[in-house]
Structure formats: C-alpha cells, structure tokens
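In: this is a predicted model, with the sequence first.
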Amino acid sequence: MKIRCGLYDRVSTELQAQFGLSVAAQKEDLYRYAREHGYEVAGFFTDEGITARKKMQNRKGFLQLMELVKQDKIDLILVTKLDRWFRNVRDYHNTQAVLEAHHCNWKTIHEDYDTSTADGQLKINIMLAVAQNECDRTSERIKAVFDHKFRNGEHMTGAAPYGYVSVGKKLQKDLETEGIVAEIFRCYFSCFSKRQTVRHIQNLYDGHPRKPTQYQVNRILSSEQYAGIYRGCRGYFPAYITEEQMETIRRASDTKAYPHTGDPYIFSGLIRCPVCGAVLTGFKKKHTKKDGSVGIYKRYKCCRKFSPHAGPCISETVVERYILDHMNVELSRVTCLLKEHREKPGRAPELRAEMGRLNVLYQKGRISEEYYDGQYSMLERELEKEESGRGKKVEERISRLNREFSGNWREMYHLLDCRHKNAFWKRTVKEITVDEETHKLNGFSFF
C-alpha cells in the first residue's frame, strides 16, 4: 500500500524577492521527491504571501492540510525546509500533538530531521528557537524601516492608492485620475449612496483607460487616506475631502439601510427604533379607499425582523410634516446653543493656569531657561489655537445651517424628487428620534 503524502509550502513575498523561493519552484521539488520515493500525492497545499509571523489559524493552506490529517487521509507531510513548516517552538509542539494522534509523520526534503529519536527532537527544538529569533530580529528591522518612512512622510509600501502617484517617495495627486476622484465625491454628496455613485462612475467613464473598478470606488469612499489621514497623522499627503466630509460619509454608511424595493425613501437611515436602536427601513403599504381605488403609502418600521418587538411604524408624510413644522424652532434653539458654546472658556483657563505654574517654577530656579521657553511656547500655541479654533468652528456650523435653510428653501425643497430629498436630509440632519412609549416623533438633531 502506497504512503499517502500531502505537499505543503509557504512563501512570504519578502523571500520570493530576495532568494527566488517561488511557489512553483518548491512545488516542482516536492512533486519530484514524491515520485522518486513512490508516494501517492493526496494534495498540494500552499500559503503564498504569508509571512512567518502570521498565526497558524491565518494560514488557509495549512488548515486544509490539517483537516485531512484529522480525517486520517494523510500518512506523511512533505515540506522543503523546516522554516517553511514552522518558525517557532510553540507552533511545532501544538501541530506535532495532532500529527502523533493521527499517526502522521512529516519530512523535509532539503534538510535532515528525524522526530523518532530524542537527539532528533532536541535538534528540531534548537533549530526552531534559532529560526524564531531570526524572524523576530527581521521583524524589528522592518518595523524600524517603516517608522523611519512614517516620520519622513513617505509612502510606505505597495502601489499608490487610486488618485495618487508616488513622487520622490511621497504621494501626490495623480493628474490623470484627480478629476475622477473628485467626481466620485461630488456624486456621493449629491445622493449619499455608494451604489448610485458606483453606477454613475462606471457609466460616465465607460471606455476610459483609467476607469476605477467598483472595489476602488467603494475604497475611495471608505478610506480616511482621501482626507489626508494616515495612521492617525493628519495632512500626511494631499487630501481630496475634509475630515468633516469623511466623518459625514462614515456616519451615513453606519446608518445605511437598504429597503426591499428599489424605490427611494426620503428618511432612510435617519430614524432609529427607540426599543432596540436599529435603523427603521421603508416599505410600502396598500390601502383601499372608499371609492375603490388603491392608495400606496410609504412607512418606516424596525428592520430587525428576526427579533420581533413592538417597534414604531410611522408614515413618511408624518415624518416630513413634523420636520418641516418644527424646523424654525429647532434652528433657533441650535443656533443659541452654538453661540453659548462659543462663549464658554473651554481649555483656556487650564492652559493659562499651567503657564502661571511654569512662571513660578522658573522664578524659583527649579527648571532651566531652555525647558521654560520650550514649554511656554507650546502652551502659547495651544492657547491661541483653542481661542481661535472654538469660535471658528462654531461660526462654520452656524454658517452651514444658514446656507442650507435660507431664503425660499422650503419652495426649493418641494421641487425635489424623493432621491434628492433624501440627500438633502442626509446632509443636514443627523438623526430623527421617536418616543419609546408613544412611538411618536419627539425631535431631530443636526450634524
């Protein structure tokens, strides 16, 4: 009876580049060895582009191989070298316990290891400890390189994101695709729908040599890199949108609810269930009138159909009438709150107190002049930023509300179709609230 063997290899991208240990080369060596020894190949399993620091449960090829071992379908596992199989002692012992329980052995074709003797076990443990140490040191060197790049504002690794190009190791806007990225954001902020944006871009740039894929459009609308943020660092490279716009996209995506029909709903994603907190989704309800005709009404109910509870069911016309009737009062209230917030001191008293404490310490000779100058200048900058920033942000919010709800905005609003009404409310209203007891609308808030 032939020995059933499973062939396994793992190649990281770094090793492929440095030493040419490609998957094809290892596969050829493993198959040749199996043929020369008369083994029956039960399967070839690979983990390509997986570094040694990845956990074993993240190696799909390895997991598939071990599943066959547990089913007693493999008698022997062939690998090229020990470090392609394991890179630390813990993984070796955990895997070895499974192999021994199912009477499965393993062998390296380019190295000589024997697990049947005490000396052989000792040799394996020593070599694994050395390999683990080497791997850890390599990881530290790579981390140091990336930290250096990050401090210099350089592009880290891989291809530049769509809409950018690497110039002198730093990202700049790509002139060829800059207009396409700008159109993606323009379209999204006009409809607040990623699906519609994807369809619009695919149709508009059909035949364009640099037309973005659906995946790229969705990534552009979800990655904070396009607001110039990388690893929490603001202004890391040129931004296409502001941080506020990126936060608006994130909030709209978190509250997104897709109705069962293709019809647009004015307040989709804006009303939450007061019982469970889920977003209310739109649906159509038919009603037979006294004259025999059938009327169709749009309503909103809780989307958690698999956890039934007495949630609200609200007509779309009721929601629209409520918001329009209470808009002036809510605008006045929010404007007053913003102005009150602008007058509050914020962190200014705390910063001034710290500056006074520094003065005392310097006068008593407890800190050096160099330390005093550095700390005092930093506090001065923070105080100036605090005093000017708070007022500026409040003015921007008040100005934004005035722009959206000025002049004959009601007349213009009633001229919009359902899809554009939804975009209007998504741009201005953060959430519409419902009373948990009465299931009636009790308020709404702006961004």
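Out: That came in fine, so what should we check first?
In: show me where the stretch 301-447 of the chain has its strands.
Out: Using DSSP state E, counting those that start in this stretch, the strands of the stretch 301-447 of the chain run over residues 313-315, 429-434, 441-446.
In: so which of these is nearest Gly61?
Out: Among the strands of the stretch 301-447 of the chain, strand 429-434 comes nearest to Gly61, with 46.3 Å by Cβ to Cβ. The C-beta positions use only the backbone N, C-alpha and C, and glycine is treated the same way.
In: just to revisit the earlier point, for the strands of the stretch 301-447 of the chain, which one sits closest to Thr95?
Out: Thr95 sits nearest to strand 429-434 of all the strands of the stretch 301-447 of the chain, at 50.9 Å, using Cβ to Cβ.
In: quick check: mean pLDDT of that closest one?
Out: Average pLDDT, strand 429-434: 90.
In: other residues contacting that strand?
Out: Outside of strand 429-434, the residues within contact range by Cβ atoms under 8 Å, 6 or more residues apart in numbering are 251, 255, 267, 270-274, 312, 314, 319, 323, 440-447.
In: related to what we said a few turns ago, got JSON lines for the strands of the stretch 301-447 of the chain, with distance to Ala278 too?
Out: Formatted as JSON lines, the entries for these read as follows, by distance: least, Cβ to Cβ, whole Å:
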{"stretch": "strand 313-315", "distance to Ala278": "14"}
{"stretch": "strand 429-434", "distance to Ala278": "12"}
{"stretch": "strand 441-446", "distance to Ala278": "17"}
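In: okay, those strands, which one's buried deepest?
Out: With neighbours defined by mean count of other Cβ atoms under 10 Å, none of the strands of the stretch 301-447 of the chain is more surrounded on average than strand 429-434, at a mean of 17.
In: next, the angle strand 441-446 makes with that one.
Out: Relative orientation of strand 429-434 versus strand 441-446 (axes from the mean of the first three to the mean of the last three Cα atoms, to 10 degrees): 170 degrees.
In: can I get strand 429-434 in PDB? Just the C-alpha atoms.
Out: Output for strand 429-434, consisting of C-alpha atoms alone and laid out as PDB, is shown next (Å, rounded to 0.1, in the frame of the first residue of the first chain):
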ATOM      1  CA  VAL A 429     -30.000  66.000   9.800                       C
ATOM      2  CA  LYS A 430     -28.100  63.600  12.000                       C
ATOM      3  CA  GLU A 431     -30.900  61.600  13.500                       C
ATOM      4  CA  ILE A 432     -34.700  61.700  13.900                       C
ATOM      5  CA  THR A 433     -35.900  60.400  17.300                       C
ATOM      6  CA  VAL A 434     -39.000  58.500  18.400                       C
END
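In: quick one: it to chain centroid distance?
Out: Remark: strand 429-434 is offset 25 Å from the chain centroid, using Cα atoms, centre = their mean, to the nearest Å.
In: stretch 426-437 too?
Out: In terms of Cα atoms, centre = their mean, the centre of stretch 426-437 is set 26 Å apart from its chain centre.
In: quickly list the domain ranges of the chain.
Out: By the assignment in automatic domain parsing, the chain contains the domains 4-147, 164-254, 318-446.
In: Lys289: which of the ones you listed is closest?
Out: For those, distance to Lys289 was read as Cβ to Cβ. The smallest value, 18.5 Å, belongs to domain 318-446.
In: ends of the closest one, how far apart?
Out: Criterion Cα to Cα, to the nearest Å; first-to-last residue distance in domain 318-446 is 19 Å.
In: and for Pro312, the neighbour number?
Out: A total of 21 residues lie near Pro312 under the criterion other Cβ atoms under 10 Å.
In: and for Ala423?
Out: Using other Cβ under 10 Å, Ala423 is surrounded by 21 other residues.
In: do I have it right that it meets Ser190?
Out: Yes: assessed by Cβ atoms under 8 Å, Ala423 is found in contact with Ser190 at 5.9 Å.
In: which neighbours do those two share?
Out: Residues within reach of Ala423 and of Ser190 at once, by Cβ under 8 Å, 6+ apart: there are none.
In: check what pLDDT Glu154 gets.
Out: Reading off the confidence values, Glu154 has pLDDT 85.
In: check Met327 too.
Out: Confidence per residue is given as pLDDT, and for Met327 that number is 90.
In: so who does the residue nearest to it when sequence neighbours are not counted touch?
Out: Once flanking residues are discounted, Met327 sits nearest to Phe405: 6.8 Å by Cβ to Cβ, 6 or more residues apart in numbering. If you count contacts by Cβ under 8 Å, 6+ apart, Phe405 has them with Met327, Leu331, Thr428.
In: neighbours of the first one, how many?
Out: Other residues near Met327 number 17, with proximity taken as other Cβ under 10 Å.
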